[in-house]
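Asks: please find the sequence and the predicted model below.
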Amino acid sequence: RIPLMNRAQLIDDAFNLARAKLVNVTLALNSTRFLRKEKAFLPWESAVRNLGYFVLMFDRSEVYGPMQLYLRHQVEELYNFFKNHTDNSTVPENHSLQHNQITAIEVACFSGLLDCIEMATAMFADWMNTNSTNKYGLG
């Protein structure tokens, strides 16, 4: 029920306040909980941009694994929303959804979503074996 722009802005504000140490990081992370059901680009773009900072901060800590698991859980439904397009190498007609398809694939593969990794591995292998412009092809 919260308008699109406001959903994105709430995430952005929460993470900016957390970086400034005015609120706990938990509050910022909690502002992304609704993303599991989100299909719109702007909230996802805001979350990915802001979470990138925390991914870098926690890269070599005990928090990194749980953060990856959380991201994987959050993005799974969005990745599945675009699965038919991705599997058939098509893009949605809506420009915003096109961008969010890219976001879904990036976050899903980055966070270790098995379906995404298998898709990317299969597409890469297919390209290596069939693409005539691939001078390193195995086929």
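Replies: Alright, I've got the coordinates.
Asks: quick one: secondary structure of the spatially most central residue of the chain?
Replies: Nearest to the geometric centre of the chain sits Val107, at 2.7 Å (Cα atoms, centre = their mean). Assigned by DSSP: H, G, I helix; E, B strand; the rest coil, the conformation of Val107 is helix.
Asks: check whether it really touches Tyr70, as I assumed.
Replies: No: Val107 is beyond contact range of Tyr70, at 11.1 Å (criterion: Cβ atoms under 8 Å). Any C-beta I mention is one placed from the backbone N, CA and C, and that applies to glycine too.
Asks: OK, contacts around Glu62?
Replies: Applying Cβ atoms under 8 Å, 6 or more residues apart in numbering to Glu62 gives no contacts.
Asks: check contacts around the residue nearest to the centre of the chain.
Replies: So Val107 contacts 44, 48, 71, 74-75, 78-79 (Cβ under 8 Å, 6+ apart).
Asks: and Arg33, how far is that from Asn94?
Replies: From Arg33 across to Asn94, the span is 25 Å (Cβ to Cβ, to the nearest Å).
Asks: likewise Lys83?
Replies: In terms of Cβ to Cβ, Lys83 sits 17 Å off from Asn94.
Asks: same check on Phe15?
Replies: According to Cβ to Cβ, Phe15 stands 26 Å off from Asn94.
Asks: more neighbours: which of these two?
Replies: More crowded of Phe15 and Asn94, by other Cβ atoms under 10 Å: Phe15, with 24 against 11.
Asks: how about the contacts made by that one?
Replies: Applying Cβ under 8 Å, 6+ apart to Phe15 gives the contacts 28, 31, 50-51, 53-54.
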